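1. Sequence below, structure please.
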Amino acid sequence: MASPPVHDRSKPEDEEDPVDRMILRSGCGEQHYALQDCMAEHQDWRLCQKNVQTFINCMSSFQQARKEQLLKKLKETQFHQSPVTPAMPYLRTTRNNTDVIHPPGFYIIGFQTLPLISVYFIFLAFVYAITVIFNCLVIYVIIFNNALHSPKFLAVVNLAVIDLILNSSIIPRMIKIFLAKDNFIPFNLCLVQMYFYYTMSSLESYALAILAYDRLVAICFPMRHNSLNTMKVMTCIVAVTWSVTLAVVSFSTGIMTWLSFCKSVRVFSYFCDYTPTYRLSCNDYSIHFYTASSLAIFLLVVPFLFILGTYFSIIITVFSMKSVDKRVKALTTCVEHVILVAIFYIPLLVIYILGLFFGGIDPDHRVLGLSMASCIPPCLNPIIYTLKTKEIKVRLVAFVRKWKIGTAGI
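-> Next up, the predicted model:
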């Protein structure tokens, strides 16, 4: 009976048989060569059944160990991405006779190269506590004091409510993602966070524009203030800004469901950011690009230009006043608003200008700057209005004294 070819173990190392190399790597070389020797000696594989079985068992053990090793490595990778998220299938729907594939969710992966970033999120926890306490105080003081029921303080309450919702939609989730290391966010929750963040950010810019309108009427049209800026007018302005913004952001967020995500699900940002998310899709997202660009102009640039025009008119009016005291008094009433505008717009302008003209800004530094520009203003706004607005400060002090007296009585 013809014998199979026997591997020659005397070959030079540079001519090593690839089969021999694979077998040696498996750790079954000894069994392999024992089988080869048996075959060479007896010239009949039936007389080498014991050696054949030993070699088969060794190779089976190697393959099983290799399989377990690969499964363990895969599980460790999934655990590193999201230690608490079970594996879920992609969701498939149909739109215009086309399949739309939605992932179970996304992984937020910002701040990868920054050292001691956990300190930043501990700081954000403090920022969130200050945001909640001071904005609630401002809302409480204004609502429960009839003397502050005026158009200006309605606009201040509007800003405080927006600040409270804005930081509540972003900071707790950031702490969970980056401090608790749970960076998975379900698809629908991602859209909800995206909706609230962009709605409140847009309303923040319009709230600053509304406060600029209040200063414009008070300084430039003092004789018509009671007709141009009444509670009814201010309520209508606030209601219109909320209605338009809610509708526009609902559309921009809703069209995210048109996209299929069959590539990566890793969003490089500090939350479910609109642009980094739609760029992960595997179909045409040109409508999303134009929508994002249009909304940036309509919801951020337009209010900013209105504020600049307002202060241009205020400066002209102020410098036309003959009395220096009147000039100083008029400008003093604008100080807190100018500070609010500065801390909201300047960081955004600096980051986008650096990215546009220099292009070399580190992605992690950009994400850090944008997160600070989003989270810090809602914390500082109520503090600035409390310290710089006499009416609020006086009533807040009275409220604290009353609370202390009540506590002492208990």
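
2. ok, now how distant is I314 from G254?
-> Between I314 and G254 the distance, using Cβ to Cβ, to the nearest Å, works out to 39 Å. C-betas here are computed from N, CA, C, even on glycine.

3. In contact with the residue most central in space within the chain: list those residues for me.
-> In the chain, the C-alpha nearest the mean C-alpha coordinate belongs to F271, at 1.5 Å (Cα atoms, centre = their mean). Going by Cβ atoms under 8 Å, 6 or more residues apart in numbering, F271 touches I108, I170, R173, M174, Q193, M194, Y197.

4. Assess the claim that the fourth one and Y270 are in contact.
-> Yes: here M174 lies in contact with Y270, judged by Cβ atoms under 8 Å, at a distance of 5.8 Å.

5. what touches both of the two?
-> Joint contacts of M174 and Y270 (Cβ under 8 Å, 6+ apart) are S371.

6. Which parts of the stretch 1-150 of the chain are helices?
-> In the stretch 1-150 of the chain, the segments counted as helices under DSSP state H, counting those that start in this stretch are 18-26, 29-42, 49-81, 117-143.

7. What of the stretch 201-350 of the chain?
-> Ranges of helices within the stretch 201-350 of the chain are 225-228, 231-254, 274-278, 286-296, 302-319, 324-332, 335-357, based on DSSP H, counting those that start in this stretch.

8. Tell me the buried residues in stretch 232-252?
-> The neighbour-count check on stretch 232-252 (16 or more other Cβ atoms under 10 Å) flags M234, I237, V238, T241, W242, T245, V248, V249, S252 as buried.

9. Quick check: which of the helices of the stretch 201-350 of the chain is buried the most?
-> Among these, helix 274-278 has the highest mean neighbour count (mean count of other Cβ atoms under 10 Å), at a mean of 20.

10. packing partners for that one?
-> Judged by 3 or more Cβ pairs under 8 Å, 6 or more residues apart in numbering; DSSP states H and E, the packing partners of helix 274-278 are helix 187-220, helix 286-296.

11. so where's the stretch 101-250 of the chain uncertain?
-> With pLDDT under 70 as the threshold, the stretch 101-250 of the chain has no low-confidence stretch at all.

12. again, 80 this time
-> 112, 225 (pLDDT under 80).

13. Work out the gap between stretch 212-224 and the centre of the chain.
-> Once both centres are worked out by Cα atoms, centre = their mean, to the nearest Å, stretch 212-224 turns out to sit 38 Å from its chain's centre.

14. Stretch 394-404 now?
-> 37 Å.

15. Same check on stretch 178-188?
-> Relative to its chain's centre, stretch 178-188 lies at 10 Å (Cα atoms, centre = their mean).

16. Next: stretch 229-238.
-> 33 Å.

17. For it, which outside residues touch it?
-> Here stretch 229-238 makes contact (Cβ under 8 Å, 6+ apart) with H149, S150, P151, L154, A155, N158, I210, Y213, D214, V217, A218.

18. Nearest to C262 among those residues?
-> Using Cβ to Cβ, N158 comes nearest to C262 of the contacts of stretch 229-238, at 42.0 Å.

19. Next, the angle helix 187-220 makes with the helix or strand containing that closest one.
-> Secondary-structure element containing N158, defined by DSSP states H and E: helix 151-174. Angle between the axes of helix 151-174 and helix 187-220 is 150 degrees (criterion: axes from the mean of the first three to the mean of the last three Cα atoms, to 10 degrees).

20. Keeping just the C-alphas, turn helix 151-174 into PDB.
-> The C-alpha trace of helix 151-174 is given here as PDB (Å, rounded to 0.1, in the frame of the first residue of the first chain):
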ATOM      1  CA  PRO A 151     -41.400  92.400  31.500                       C
ATOM      2  CA  LYS A 152     -37.700  92.500  32.300                       C
ATOM      3  CA  PHE A 153     -38.000  89.900  35.100                       C
ATOM      4  CA  LEU A 154     -40.200  87.700  33.000                       C
ATOM      5  CA  ALA A 155     -37.300  87.600  30.500                       C
ATOM      6  CA  VAL A 156     -35.000  86.800  33.400                       C
ATOM      7  CA  VAL A 157     -37.200  83.900  34.600                       C
ATOM      8  CA  ASN A 158     -37.300  82.600  31.000                       C
ATOM      9  CA  LEU A 159     -33.500  82.600  30.900                       C
ATOM     10  CA  ALA A 160     -33.300  80.800  34.300                       C
ATOM     11  CA  VAL A 161     -35.700  78.100  33.200                       C
ATOM     12  CA  ILE A 162     -33.700  77.500  30.000                       C
ATOM     13  CA  ASP A 163     -30.400  77.400  32.000                       C
ATOM     14  CA  LEU A 164     -31.900  74.800  34.400                       C
ATOM     15  CA  ILE A 165     -33.100  72.500  31.600                       C
ATOM     16  CA  LEU A 166     -30.000  73.000  29.500                       C
ATOM     17  CA  ASN A 167     -27.500  71.800  32.200                       C
ATOM     18  CA  SER A 168     -29.900  69.100  33.400                       C
ATOM     19  CA  SER A 169     -29.900  67.700  29.800                       C
ATOM     20  CA  ILE A 170     -26.200  67.500  29.500                       C
ATOM     21  CA  ILE A 171     -24.200  67.400  32.800                       C
ATOM     22  CA  PRO A 172     -25.700  64.300  34.500                       C
ATOM     23  CA  ARG A 173     -25.300  62.300  31.400                       C
ATOM     24  CA  MET A 174     -21.700  63.500  31.000                       C
END
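
21. No further questions, thank you.
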